[in-house]
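**Q** Quick one, structure for this:
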Amino acid sequence: MSEDGIGQGDTPITASEAVRLRTPTGEEQDRLHRHARLKLPLSDGQFQLLDLDGLDLSGAVFVKCDFSRASFNGCLLDDATFLQCRMAGANFAHISRLQDVQFVECDLCFASFQGAAVKDSYFIETETLHADFSSAAGDAVYFVKSPLANTRFDGMRFENSVFVMCDTANVSFAEAQFHRAAFLDCKMATVSLQGASFDTVLFAEADLSRRDFSNQAMVRLVMTKGSLHGADFSGADLTGAILCGIDLENAQFGGAKAQMAVFAGSRLNGANFEQADLEMANFSDASLNAVRFNQARLDQVSFANAHMPAAILDGTSLSFCDFSHARADTASFASARFHYTRFHRANWDGALFAGSSGTTVPTDERLAVAEAYDPAKVHETGKPAA
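**A** Prediction:
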């Protein structure tokens, strides 16, 4: 706990406490303005509960200063730096421009950025527990190795923003909007993403197993080295998503829109894609044991080298689909509609085709010979090796 009684477990400033804010003395104003104007670091300043409205602190550098419960409303902070400052309960709410500001190793627990416009700013190894960014706008905002537990980002708009190695336990991004954002090696097991929308967002090494993303917009979502085991994407928009090499077993995609999505190399055993629109999607090298594609649109989809025994593709549209080298033994294609659907060297032993219709392209024998060709088994003379 800090000397003024503010700690991580205390409550933030309330409306009734706002009257306790004090106006800076002339000496304090002169000191703040002088250091900001000359860009000289100001160290160990005591500015608790200070009302900084109207002050121009652009370019200022504060080192180990105490701004606990201070109000920055109406303050200019362009290009300001706060290093190891105590700012618990500070109020940045509704600031119209918080640009090029750096918070490094600071305490921003219970701070309010509600409705603020934050741009090109960094929160580096800064404790932001229980802070409030609700309805804020963030453009090129970076959170790096910062504890964010119990912080609210509800309804915040993120552009070009990145979270790196942050503890996001119980963080809420409900109804937030992400456009060109990334979460890199963040702990997200208890994060709330309810109602959030994603456009060109990267999740790296994130565990989002059994999360409910139903009916959410997740266009061009990218995930690497993570888990979406049992996640629910029913009715979601995953157009252009890239979900390669990850665990998607038992995930639900019923009625989802996933045109041009890439699931190459992922484990999708037991997943459900019933009535999904998967036109031009890519399932090459994926594990698709007992996956349900009933009534799905699968035109121009690649299942090349996929392992899909007992998959159910009943009533699907399979125009120009590619099952080259796929293992589709015991799969069901009942009432499927084929149109130049390619089955080059596919294994369909025991597969069911009752009621199916259309045209298929069988194994290309010349290509099969070429694929079997092994230069290591041929002498320079062109004769087979003994």
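**Q** Secondary structure element holding residue 35?
**A** Following DSSP states H and E, one finds residue 35 within helix 26-38.
**Q** now that helix, how far from the chain's geometric center?
**A** Distance of helix 26-38 from the chain centroid (Cα atoms, centre = their mean, to the nearest Å) equals 42 Å.
**Q** And the helix or strand just after that helix, what does it pack against?
**A** Next along the chain after helix 26-38, taking DSSP H and E as the criterion, comes strand 41-43. Here strand 41-43 touches helix 26-38, strand 61-63, going by 3 or more Cβ pairs under 8 Å, 6 or more residues apart in numbering; DSSP states H and E. The C-beta positions use only the backbone N, C-alpha and C, and glycine is treated the same way.
**Q** rerun at 7 Å
**A** Contact analysis of strand 41-43 by 3 or more Cβ pairs under 7 Å, 6 or more residues apart in numbering; DSSP states H and E lists strand 61-63 as its packing neighbours.
**Q** Now do the strand it packs on: everything it contacts.
**A** With Cβ atoms under 7 Å, 6 or more residues apart in numbering as the contact definition, strand 61-63 has outside contacts at 39, 41-43, 45, 81-85.
**Q** let's see it at 10 Å
**A** Applying Cβ atoms under 10 Å, 6 or more residues apart in numbering, the external contacts of strand 61-63 come out as 32, 35-36, 39-45, 47, 79-85, 87, 102, 104, 106.
**Q** Could you please name the strands it pairs with and the direction of each pair?
**A** Strand pairing for strand 61-63, using DSSP bridges, gives strand 41-43 (parallel), strand 81-83 (parallel).
**Q** Can you tell me how far residue 163 is from residue 201?
**A** Distance, residue 163 to residue 201, using Cβ to Cβ, to the nearest Å: 11 Å.
**Q** got any residues that touch both of those two?
**A** 181-183.
**Q** looking at those, which has the most residues close by?
**A** Of all these, the most densely surrounded is residue 183 (27 neighbours; neighbours counted as other Cβ atoms under 10 Å).
**Q** what's the burial count for residue 358?
**A** Neighbour count of residue 358, defined by other Cβ under 10 Å: 13.
**Q** So what sits opposite it in the bridge?
**A** Residue 358 has the following beta-bridge partners by DSSP bridges: residue 338.
**Q** Shouldn't residue 181 be within a helix?
**A** No. Counting by DSSP: H, G, I helix; E, B strand; the rest coil, residue 181 is not part of a helix but strand.
**Q** Residue 201 is in contact with that one, correct?
**A** Yes. Here residue 181 reaches residue 201: they are 4.9 Å apart, a contact under Cβ atoms under 10 Å.
**Q** joint contacts of these two?
**A** Common contact partners of residue 181 and residue 201 (Cβ under 10 Å, 6+ apart): 158, 161.
**Q** wait, what's in contact with the residue lying closest to residue 214 once chain neighbours are set aside?
**A** Distances taken as Cβ to Cβ, 6 or more residues apart in numbering put residue 234 closest to residue 214, at 4.4 Å, once the chain neighbours are dropped. Residue 234 makes contact with 212-216, 251-256, 272, 274-276 under the criterion Cβ under 10 Å, 6+ apart.
**Q** now residue 325
**A** So residue 325 contacts 284-285, 303-306, 343-347, 371 (Cβ under 10 Å, 6+ apart).
**Q** same deal with residue 257?
**A** Under the criterion of Cβ under 10 Å, 6+ apart, the contact list for residue 257 reads 217-219, 233, 235-239, 276-279, 297.
**Q** Give me the mean pLDDT for stretch 96-109.
**A** The average pLDDT within stretch 96-109 is 96.
**Q** for the stretch 1-150 of the chain, what are the low-confidence residue spans?
**A** Counting by pLDDT under 70, the ranges of the stretch 1-150 of the chain that qualify are 1-19.
**Q** Residue 119 versus the nearest residue to residue 55 once chain neighbours are set aside, what's the distance?
**A** Closest residue to residue 55 apart from its sequence neighbours, by Cβ to Cβ, 6+ apart: residue 75 at 5.2 Å. Plainly put, residue 75 is 16 Å away from residue 119 if you go by Cβ to Cβ.
**Q** swap in residue 92?
**A** Distance from residue 92 to residue 119, by Cβ to Cβ: 13 Å.
**Q** Find residues that contact each of those two.
**A** 98, 101.
**Q** Between these two, point out the one with more neighbours.
**A** Neighbour count, other Cβ under 10 Å: between residue 92 and residue 119, residue 92 has more, with 26 against 18.
**Q** Residue 110 is in contact with the more buried one, correct?
**A** No. Taking contacts as Cβ under 10 Å, residue 92 lies outside contact range of residue 110: 11.9 Å.
**Q** Can you check which residues contact both of the two?
**A** What both residue 92 and residue 110 touch, as defined by Cβ under 10 Å, 6+ apart, is the set 131-132.
**Q** how deep is residue 44 tucked in, by neighbour count?
**A** 9.
**Q** which non-adjacent residue is nearest it?
**A** residue 64 (5.4 Å).
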